[in-house]
Each structure stands twice: as C-alpha cells, then as structure tokens.
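1. the following block contains a protein sequence and its predicted model.
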Protein chains: 2
Amino acid sequence: MSSTKDIDALIDMMAKLPGLGPRSARRAVLHLIRKREHKLRPLADLMQIVAATARECDRCGNVGTTDICDICRDDRRATGLLCVVEDVADLWAMERAGAFKGRYHVLGGTLSALDQVGPDELRIPGLVARLAEENITEVILALNATVDGQTTAHYIADQIEDRVTLTSLAKGVPIGGELDYLDDGTITAALSARKAF
Amino acid sequence: MSSTKDIDALIDMMAKLPGLGPRSARRAVLHLIRKREHKLRPLADLMQIVAATARECDRCGNVGTTDICDICRDDRRATGLLCVVEDVADLWAMERAGAFKGRYHVLGGTLSALDQVGPDELRIPGLVARLAEENITEVILALNATVDGQTTAHYIADQIEDRVTLTSLAKGVPIGGELDYLDDGTITAALSARKAF
Ligand SMILES: [Zn+2]
Ligand SMILES: [Zn+2]
C-alpha cells in the first residue's frame, strides 16, 4: 500500500465495523480524505463528543446521554407495558414503526451455550426487578425468531410468567412480503395463525 | 428515534459515506458506542490525525502525508514508466497487485460533459508537464473501461501521443468494469499483456 501508516490504520479500523469490509472502508476513507475539512474533521469531532457522552440507560439499556434515558423518563409511557428486545437496534426499529407506546428492556444479547452467555451477562435480573417497581402488567417478548432468541424468550417466561401477562409479536407474512421469498417456518406460522378474511 | 441529537447526527454522517446506508450506519454506531473506550475514541483520534496530516501528492495526486508521496520519492521507481489512473483507489488496486514498478499519475476523475468536468478540473496539465521533467518514455493509460474513462484516454492520447509510447491495459479488463473491483491476477495479467494504444 502506498498510503502511510495512519491512513492504513484508519482503513483497517473502518473495515472491522459491522457492515463494512476492506473495499468499502477504502472508499469511505478516500472520500473522507478528499473532504477532510468538511467531512473527516466534523465526523471525528462528533465521534469524540459521542464517545464522551453516550451511555446505556441504567434502567432499560437503551443508548442515550443520561443515566436514565428519554423513554424511561417519559411519564406518558408508564403504561404498565414492557417490550423486551435483544438489542438497541431492535428498540430503534420498534420506535421507527411508532406503534408501541410503552417502555423497553434491552437484554443486550441472547442466552447462548456456545458463546457462554448466561442470564447474568444479560439484563435479565434487571428485568425481574422492574416488574414490581414499575407496576408492569404485560411483558411483550419481542426477541428474534432464532434458536437463541426463542431459548431466551422461554427462559424469561419461566422466570416471570406467574407475575405478568406474557405476549410475543405475531408471526406472519410481512406487509408487502411475497410468499415466494419467505422461509417455510414463516409460512407455516402464518398459516396456523390465519384469521377470518 | 430514542437516541439523542449527537448520536442521530453521527448515524446520519456515517450513513452518507460511500458504501454505507442508514442500516449499516446504525449498526456501526451502536457497535462503536458499545466499545466507546476501545473503538470509538481511538477511531475519532485517528480521524483527527488523518484530517490534520493527509494530503494529495503535489506531483501525482496520490494520498499520503507529505507534499511528495512515497512512490514519487522512491528512486527505484524512476523507470520512465507512468501509469495514469482515474482515482487513488485504482492506484491502491494496482499496488496490491504488485506488478507495476513505475510511478503513477492520478487524474482525479474523468472528463465528463454531463458533470461539466474538463481537462483543467483533472490533473491533465500536470501529466503533460511530467513527461519532460521525468524523462517518461511510456505512459500506460489504466483508465476504467467506461465511456467516460475511454473518452478521457483518447483525449490524453491526442495531447501526448507524439512524445511517448502510449499503452493501455490489455483486454481482460471487463467491459464496464472498474479496476478497484478486480482481483490481483486479472490486473497483473492485463498489465503484462498491455498493448500500444
Ligand atoms: Zn431507559
Ligand atoms: Zn506522488
């Protein structure tokens, strides 16, 4: 490589980000160097600010800049409804849909024998504690439909099913989805949960 | 979005980088926030360093940290051979292939009537000047096999064909293909079988 050490190191760091690879990292870094005053420097400044201020919410695990996040502090969302998700990205996806008005609990992953992730590595003790503190009446288990996601859902259900109503997101055909593109499990689930037309 | 202003702004800036989009930007930023001490802060520091030190080589347009880049200063590469490429990414692709031992000239784009890019927007005057200064005997036109790339190659040929031997990379570069997408072997083969332009 003809570029110098720092530029190579920057490309390497970018290439390791999820969703990027060596080629997109090279393109991104060249683009940033070309616009180093208008893009690279502001991006670096913003990253410094976020590195200094971003943190997980003490209560739900959402990402924000305060010890308790905006959603947890919003009294209008104290609805007794709690939506359990694996990751902050899932919380953001729910918020973009705009259909949920309760609060969240971000586990920070799933149980995994393979990766040696047990309940205490996740925010499961915190979830149990919140049920009483916040008068939760329903917990929606919005975990991914993977083996680890469903194992985790069943584990949580065992811990709390005697205290609250437990629900999960309906399985079915996505809006705008074509049957031909769906996996068999989704079609089977959608069929068995079919409703009167 | 539940995240705060700075985090949203960081996602927006990342999403605008070439090769990324909103979804990969969200994933990358969450990943960085999760590892803010070990990844986000070092990445921000490195970007500040690169923003302060990176620059284009005065002679060839390559990216580096000195006014004249490592390749231009390498006497072993003063072979009388000059390889003309559109972009620094193409230069890097040639260097990864490791087959070319001369020097480069990075045009910084292609002529384009549509985008109103003329010869003076590119490093074409600089190319002409280098021929005499560096005793260039052969210029390899390694431009992409696109309409604009080939238009640019013909324009350059008109300017300099009476002064040097002109060659281009052998067919083997796919029609519509871009150097930066090619594997090292294809680049090496196309280079060694180069023909008179
Ligand atoms: Zn919260
Ligand atoms: Zn140079």
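-> Good, I have the coordinates. Ligands and ions are numbered 1, 2, ... in the order given.

2. mind checking how far residue A:97 is from ligand 2?
-> 51 Å (CB to the ion, to the nearest Å). For the C-beta atoms, the positions are set from N, CA and C on the backbone; glycine is no exception.

3. can you give me the buried ones in the least confident helix or strand in chain A by mean pLDDT?
-> In chain A, no helix or strand scores lower on mean pLDDT, DSSP states H and E than helix A:184-192, which sits at a mean of 78. Judged by neighbour count (16 or more other CB atoms under 10 Å in any protein chain shown), helix A:184-192 contains these buried residues: A:186, A:189-190.

4. can you check stretch A:5-14 too?
-> Of the residues in stretch A:5-14, A:6-7, A:9-11, A:13-14 count as buried by neighbour count, 16+ other CB under 10 Å.

5. re earlier: and the least confident helix or strand of chain A, how far out from the chain middle?
-> Distance of helix A:184-192 from its chain centroid, counting by CA atoms, centre = their mean, to the nearest Å, is 25 Å.

6. secondary structure class for residue A:170?
-> Following DSSP: H, G, I helix; E, B strand; the rest coil, we place residue A:170 in the coil state.

7. burial count for it?
-> Residue A:170 has 9 neighbouring residues, counting by other CB atoms under 10 Å in any protein chain shown.

8. same question, residue A:45
-> Neighbours of residue A:45 under the rule other CB under 10 Å: 14.

9. from what I can see residue A:80 touches residue A:139, true?
-> No: Residue A:80 is beyond contact range of residue A:139, at 9.9 Å (criterion: CB atoms under 8 Å).

10. please say which of those two ends up with more neighbours.
-> Counted by other CB under 10 Å, residue A:80 and residue A:139 do not tie: residue A:139 has more neighbours, with 26 against 14.

11. I'd like the distance between the residue nearest to the spatial centre of chain A and residue A:68.
-> Nearest to the mean C-alpha position of chain A, by CA atoms, centre = their mean, lies residue A:87 at 2.4 Å. Distance, residue A:87 to residue A:68, using CB to CB, to the nearest Å: 19 Å.

12. tell me the confidence at the residue nearest to the centre of chain A?
-> Looking at residue A:87, its pLDDT stands at 92.

13. now residue A:185, nearest residue through space, not along the chain?
-> In space, and not counting its chain neighbours, residue A:185 is closest to residue A:145: 7.5 Å by CB to CB, 6 or more residues apart in numbering or on different chains.

14. before we move on, back to that, contacts only, for the nearest residue to the residue nearest to the centre of chain A once chain neighbours are set aside.
-> Leaving aside its chain neighbours, residue A:87 sits nearest to residue A:106 (6.7 Å; criterion: CB to CB, 6+ apart). By CB atoms under 8 Å, 6 or more residues apart in numbering or on different chains, the contact list for residue A:106 reads A:56, A:60-62, A:85-88, A:90-91, A:123.

15. what parts of chain A come near ligand 1?
-> Within chain A, the positions near ligand 1 by CB under 5 Å from the ion are A:57, A:59-60, A:62, A:69, A:72.

16. which of these sits closest to residue B:112?
-> When the residues of chain A next to ligand 1 are compared for distance to residue B:112 (CB to CB), residue A:62 wins out at 46.4 Å.

17. please name the nearest non-neighbouring residue to that closest one.
-> Closest residue to residue A:62 apart from its sequence neighbours, by CB to CB, 6+ apart: residue A:69 at 4.4 Å.

18. how about residue A:172?
-> Closest residue in space to residue A:172, ignoring its immediate chain neighbours: residue A:190 at 4.3 Å, by CB to CB, 6+ apart.

19. contacting residues for the one you found?
-> A:171-173, A:182.

20. redo the contacts of residue A:106 as a markdown table? Include distance to ligand 2.
-> Listed next are the contacts of residue A:106 as a markdown table, based on distance: CB to the ion, whole Å:
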| residue | distance to ligand 2 |
| --- | --- |
| A:56 | 46 |
| A:60 | 53 |
| A:61 | 49 |
| A:62 | 48 |
| A:85 | 51 |
| A:86 | 49 |
| A:87 | 45 |
| A:88 | 44 |
| A:90 | 48 |
| A:91 | 48 |
| A:123 | 53 |
